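S.K.: Okay, predicted coordinates and the sequence, questions at the end:
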Amino acid sequence: MTRKFLKYLLWFFSPVILGYVIIEILTLNLPLGYKYTSEYLQQNKSGIQVLILGSSQLANAINPNFLSTPTLNMASGNQHHDTDLKILKQLQPQLPNLKTVVLEVSYSHFELPHNGKDFWKNNVYLKYYNINAFERPAYFKDKLVYLSNPPFFSVKLYNHFILNEGFEEYNNFGFDTNNYFGRFKILAYNESEILKTKFKINSIPDLKLFKNNTALFYEILDYLKENELNIIICKAPMYKSYLPKRNSEILKRRDSILNIIHLNYPNIIFLDKEEDTLNYNVFDYKNQSHLNPKGAKKFTGSLSKLLDL
């Protein structure tokens, strides 16, 4: 009786299992930068000298193709310092020639929640980079990319395979060289219209988060110092309409920490372009807080000068 029931269950659920297998295969065949970054990592482990960590701001701002030093850009959307540390600790032993780590400290980085062990991209890190950010042993399902965020990947699947829409053009480093589509392009870079638009910005101070996040950031800096790695801390460019919307309390606390770091870690290099409205104009951005590839070429050029010192 039990055997018959199990056979019935297997027969009943087999279409569902088959359907999911197909969806997972299609998801893995989407044009995703993770695939290219993973391939670059696997092929160049012994030569990589620079590791980029951070959120989408640095993912969009640094194109390793314009750097003479072999560079791995592991920055990714919504990636916070706790995930950066997990990536760093698991990757650093695999990169024998790593010399420099680039970190991001955006305007409200210290007052945004960390990703935690349930961050949906943990599946992505495990699948493509064999990095376990779950804070527990990994299981088979943890490598299933579609299940990590079905709504997100369903949209991508529909756009790519049904609508045949896709403008991504990734280079060998996983950087999207055609990443221009955004609010600014939609508005044809019309600055008067752009200034009227609302945008997402964190304006709610959180002292508890600040204390927790800064403590972990110091842990990252101490780890890098112990491993004799050079450190570059970046503040990526923000469009001029973004700057006055920053909460003064959040901004002051962030900058106070950077001042302390400057005193206590004298060898750290700072790349600060957050308020650079002279060298960056509207055509360098895809939205108020992210550069497009044209702007990334400029920012990468500034990073290149620091790496060549």
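M.R.: Perfect, I can see it now.
S.K.: C-alpha only now, for contacts and for neighbours.
M.R.: Noted.
S.K.: how many other residues sit next to the residue lying closest to Y239 once chain neighbours are set aside?
M.R.: Using CA to CA, 6 or more residues apart in numbering and skipping the chain neighbours, the partner closest in space to Y239 is Q288 (5.0 Å). If you count neighbours by other CA atoms under 10 Å, Q288 ends up with 24.
S.K.: Quick check: Q288 vs V282, distance?
M.R.: According to CA to CA, to the nearest Å, Q288 and V282 sit 9 Å apart.
S.K.: which residues do those two both contact?
M.R.: Common neighbours of Q288 and V282, using CA atoms under 8 Å, 6 or more residues apart in numbering, are Y239.
S.K.: Correct me if wrong: Y146 contacts I23.
M.R.: Yes - proximity of Y146 to I23 meets the contact threshold set by CA atoms under 8 Å, at 7.4 Å.
S.K.: Show me which of those two is the more surrounded one.
M.R.: Y146 (22 against 18).
S.K.: That one falls within a helix, correct?
M.R.: Yes - if the criterion is DSSP: H, G, I helix; E, B strand; the rest coil, then Y146 is within a helix.
S.K.: Count the residues that sit near the closest residue to it other than its chain neighbours.
M.R.: Among residues not flanking Y146 along the chain, E24 sits closest, at 5.7 Å (CA to CA, 6+ apart). Per other CA under 10 Å, the neighbour tally for E24 reads 16.
S.K.: Kindly report the same for S46.
M.R.: Using other CA under 10 Å, S46 has 14 neighbouring residues.
S.K.: just the helices in the chain please.
M.R.: Assigned helices in the chain, in chain order: 2-28, 33-44, 56-61, 81-91, 122-129, 145-148, 150-157, 183-186, 191-196, 207-226, 248-264, 293-307 (criterion: DSSP state H).
S.K.: Among these, show me which one is buried the most.
M.R.: Ranked by average neighbour count under the criterion mean count of other CA atoms under 10 Å, the helices of the chain are headed by helix 56-61 at a mean of 24.
S.K.: and that one, how far out from the chain's middle?
M.R.: Distance of helix 56-61 from the chain centroid (CA atoms, centre = their mean, to the nearest Å) equals 6 Å.
S.K.: List the residues that contact P113.
M.R.: Counted by CA under 8 Å, 6+ apart, P113 has contacts L209.
S.K.: Can you give me the buried ones in stretch 161-174?
M.R.: Buried residues in stretch 161-174, defined by neighbour count with 16 or more other CA atoms under 10 Å: E168, Y170, N171, N172, F173, G174.
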